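# quick one, structure for this:
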Amino acid sequence: MKAEELAKKQKEISIAEFFEKNKHILGYSNPAKAVITCVKEAVDNSLDACEEAGILPDIFVKVDRVDRHYRIVIEDNGPGIIREQIPKVFGKLLYGSRFHAIRQSRGQQGIGISAAVLYAQLTTGKPAVVTSKTSPDSKAVRMEIFINTRKNEPEIVSEEEVEWLVARGTRIELEIAGSYVKERKQSVFEYLRETSVVNPHAKITFVDPDGEIHEFPRVSEELPPVPKEIKPHPHGIELGQLMAMLRYTKARDLRSFLKNEFVRVGDKTAEEVISRAGLSANVSPQEMGREEAVRLLQAFSETDFLPPPTDCLSPIGESLIMKSLMAEYKPEWVYAVTRKPKVHSGHPFLVEVGIAYGGEISEDRVTLLRYANKIPLLYQQGGCALTKAVESVNWKNYGLQQTRDELPSGRAVILVHLASTNIPYTSESKEAVAAIPEIIEEVRLALQEAGRRLREYLERKERLMKKKKKEDVLYKVLPLLARKVCEVLEKDEIDVDRIVARIVGNLHVEREVVEKDGMLDVTLRIFNFTKARRELKVYEMCSGSVEADNAKVSQSTYTTVSWDVLLNPGESIELKYTVKGRIVNRRPLVGGVDAELLSGAEPFGL
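Purely as a prediction, here's the structure:
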């Protein structure tokens, strides 16, 4: 009887009911984190939708105080969502288009935005308000949606067509119980700021509860390539998954099953796998049992397959990482590394690293930016494999201070981005990356490469500082010494600039101008006192007509005279031209040499 009574209490639990009682699993563990998570899920969806539709994202985020609650509004200029799909996308957990797709994307499980709707429903009892428009020629659809947690099905509270003065897009409004924090690393502002760094093609506008507007402008007009979907790789398959694939495949024989259901399997490789497994190529996959599946899986592990294709990934790229770090943090030096793709458990992944140093970066402790598929990871920094990889590098070798097995200290920002078809998160809240050895090693190698460049820069900077101090002393002492010597010898005073340039090893430029009959005869003398061969571009800008031999003369607002010059160490050259008018630039312009090694001229084009 007791067993029968217990049996009566057993009942099915829907996924929505489960998360209703375990909302902390999805990132809603405290009021401040809840606000960030709601914004994050909606913004991630907007970025994915815009990129898949080939649209440069323009995203608007607003957080308002409403009584004791917060109203969150996220609006994008994406393709919109058709009327039939709106309730399922926002009102049904584990519903989405990307779960079975093997390619890089921000959203994967079909939980994110619907979980935000569920959280709003649980904490304020108010429905989500969704507005969507798919064409400039149609009206927008506005729905109020609840989630039936018993059935994990959407319930439409109201629906109407409305005028919306946008061409297309999606807007969601959620009212939630939460807490808004401003001056913290974990905040809506910081999440949007870090999102803008790795999504330079996106424009994000944020209005905070105080009405302050924060603009994160678009840095690049180029959309990232859309990742292509690939089939499973044989080295990433587990037994249960393989048995399910055998059962439900439409292939009529084992050979076509291997070729059609897996990537990197051709005729020759399929025959090799079948032979190793001791199976028949013509056997029906549906008739294969567990024993045959085990043999097939063992054959997979013994066969060398080509790595999966990497067009399923969408890296940020070295130039855009550097451009974004320069725009956001305004450092004096920046460098980025994108590693070649690797594979773990059959899943392609790649690692990107960026380091920004000095400039307007004022904090003594290094700022670590962690990303997975272009999503900022704000929480669980200590438990993340990306953090462990940064801590494992000996940063003292690269010019930063560090206590053993901790983040380094210094005026620097370190960015680490992991892109993969399957990010190994430590939990459903997607806040930290699991410690996969292959991933940690790739991050270490990328950091060490960037670290070597940082060390080169810091060493060069130190050398130049010493050189500048020496140069300053010479400029103080030599003019006084030259003046006294000339007085004693009763000679005209000499220009000491060339002498100082020779002592400190600069590239030195002198301009001599002689006026005659309304014409200016100009002579440029260039001396290479450096220890390297120099390929230079020398420019003069004039107002009036110019005559010059062995020079390129172009006319626009001003007349530009330019020379291509090649000078070995210790060599010098004279460049001459005549101008009827005036010279516009104060000093000659020279490209091809660092400003610190140039005297008597202005650096140009560096």
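
# list the contacts of Ala327.
Contacts were defined as C-beta atoms under 8 Å, 6 or more residues apart in numbering; by that measure Ala327 touches Pro200, Pro217, Val219. Heads up, the C-betas are built off the backbone N, CA and C, glycines and all.

# repeat the analysis, applying 10 Å as the threshold.
By C-beta atoms under 10 Å, 6 or more residues apart in numbering, the residues touching Ala327 are Ser196, Val197, Pro200, Phe216, Pro217, Val219, Ser220.

# for stretch 332-343, output the C-alpha coordinates as PDB.
Extracted in PDB, the C-alpha atoms of stretch 332-343 (Å, rounded to 0.1, in the frame of the first residue of the first chain):
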ATOM      1  CA  GLU A 332      49.500  53.600 -26.100                       C
ATOM      2  CA  TRP A 333      50.200  50.100 -27.500                       C
ATOM      3  CA  VAL A 334      48.000  47.200 -28.600                       C
ATOM      4  CA  TYR A 335      48.500  43.700 -30.200                       C
ATOM      5  CA  ALA A 336      46.300  40.800 -31.000                       C
ATOM      6  CA  VAL A 337      46.700  37.100 -32.000                       C
ATOM      7  CA  THR A 338      44.300  34.800 -33.700                       C
ATOM      8  CA  ARG A 339      45.400  31.200 -33.400                       C
ATOM      9  CA  LYS A 340      44.800  28.600 -36.100                       C
ATOM     10  CA  PRO A 341      41.700  26.400 -35.400                       C
ATOM     11  CA  LYS A 342      42.100  23.200 -33.300                       C
ATOM     12  CA  VAL A 343      39.800  20.300 -32.400                       C
END
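
# for the residue sitting nearest the centre point of the chain, which residues are in contact?
Nearest to the geometric centre of the chain sits Val198, at 2.7 Å (C-alpha atoms, centre = their mean). By C-beta under 10 Å, 6+ apart, the contact list for Val198 reads 316, 320-321, 324-325, 352, 354, 369, 371, 373-376, 415, 417.

# rewinding a little: pull out the buried members of the contacts of Ala327.
Those of these that meet the buried threshold are Ser196, Val197, Pro200, Phe216, Val219, Ser220, by 16 or more other C-beta atoms under 10 Å.

# show me what the lengthiest helix in the chain is packed against.
When the chain is parsed with DSSP state H, its longest helix is helix 437-489. Helices and strands touching helix 437-489, by 3 or more C-beta pairs under 10 Å, 6 or more residues apart in numbering; DSSP states H and E, are strand 333-338, strand 342-344, strand 347-357, helix 385-392, strand 412-420, helix 497-504.

# and the pLDDT for Asn30?
The score at Asn30 is 81. That number is its pLDDT.

# ok, the closest residue to it other than its chain neighbours - contacts?
Closest residue in space to Asn30, ignoring its immediate chain neighbours: Ser179 at 7.7 Å, by C-beta to C-beta, 6 or more residues apart in numbering. Under the criterion of C-beta under 10 Å, 6+ apart, the neighbours of Ser179 are Asn30, Pro31, Ala32, Lys33, Ala34, Val35, Tyr70.

# phi and psi next, for the third one.
For Ala32, the backbone dihedrals are phi -70, psi -40 (criterion: degrees, to the nearest 10).

# now the closest residue to it other than its chain neighbours: how far from Tyr70?
The shortest distance from Ala32 to any residue other than its chain neighbours is 4.5 Å, reached at Ser179 (C-beta to C-beta, 6+ apart). From Ser179 over to Tyr70 the distance is 8 Å, taken as C-beta to C-beta, to the nearest Å.

# shared neighbours, those two?
Common contact partners of Ser179 and Tyr70 (C-beta under 10 Å, 6+ apart): Pro31, Ala34, Val35.

# just the pLDDT for the last one.
Turning to Val35, the model gives it a pLDDT of 88.

# quick one, what contacts it?
By C-beta under 10 Å, 6+ apart, the residues touching Val35 are 28, 63, 70, 72, 174, 176-181, 187-188, 191, 209.

# which of these ranks first by neighbour count?
Leu174 (30 neighbours; other C-beta atoms under 10 Å).

# would you say the residue nearest to Ala32 is within a helix?
No. Ser179: not assigned to a helix; according to DSSP: H, G, I helix; E, B strand; the rest coil it is coil.

# so what's the gap between stretch 138-149 and the chain middle?
The chain centroid and the centroid of stretch 138-149 are separated by 33 Å under C-alpha atoms, centre = their mean, to the nearest Å.

# please save the CA atoms from that stretch in CSV.
Output of stretch 138-149 as CSV, limited to C-alpha atoms (Å, rounded to 0.1, in the frame of the first residue of the first chain):
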residue,chain,number,x,y,z
SER,A,138,3.4,45.7,-43.2
LYS,A,139,2.2,46.6,-39.7
ALA,A,140,4.0,45.3,-36.6
VAL,A,141,2.5,42.6,-34.4
ARG,A,142,2.4,43.3,-30.7
MET,A,143,1.8,40.4,-28.3
GLU,A,144,1.6,39.9,-24.5
ILE,A,145,2.9,36.5,-23.6
PHE,A,146,2.9,34.2,-20.5
ILE,A,147,4.5,30.8,-20.2
ASN,A,148,2.3,27.9,-19.0
THR,A,149,4.8,26.3,-16.7
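
# what residues of it count as buried?
Buried residues in stretch 138-149 (16+ other C-beta under 10 Å): Ala140, Val141, Arg142, Met143, Glu144, Ile145, Phe146, Ile147, Thr149.

# for the longest helix of the chain, the distance to its chain's centre please.
How far helix 437-489 lies from its chain's middle: 31 Å, per C-alpha atoms, centre = their mean.

# next, the angle strand 333-338 makes with that helix.
150 degrees (axes from the mean of the first three to the mean of the last three C-alpha atoms, to 10 degrees).

# what is the orientation angle of helix 437-489 with strand 347-357?
20 degrees.

# closest to Val157 out of the helices and strands packed on helix 437-489?
strand 412-420 (38.7 Å; C-beta to C-beta).

# run me through the strand neighbours of that closest one, direction for each.
Applying DSSP bridges to the sheet, strand 412-420 is found paired with strand 347-357 (antiparallel), strand 367-372 (parallel).

# show me the shaky parts of the stretch 201-350 of the chain.
Applying pLDDT under 70 to the stretch 201-350 of the chain flags the ranges 346.

# and the helices in it?
Under the criterion DSSP state H, counting those that start in this stretch, the stretch 201-350 of the chain carries helices at the ranges 239-248, 254-261, 267-277, 290-302, 318-329.

# want to throw the ones you listed into TSV with distance to Asp521?
Converted to TSV, the helices of the stretch 201-350 of the chain look like this (distance: least, C-beta to C-beta, whole Å):
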stretch	distance to Asp521
helix 239-248	83
helix 254-261	79
helix 267-277	77
helix 290-302	81
helix 318-329	43
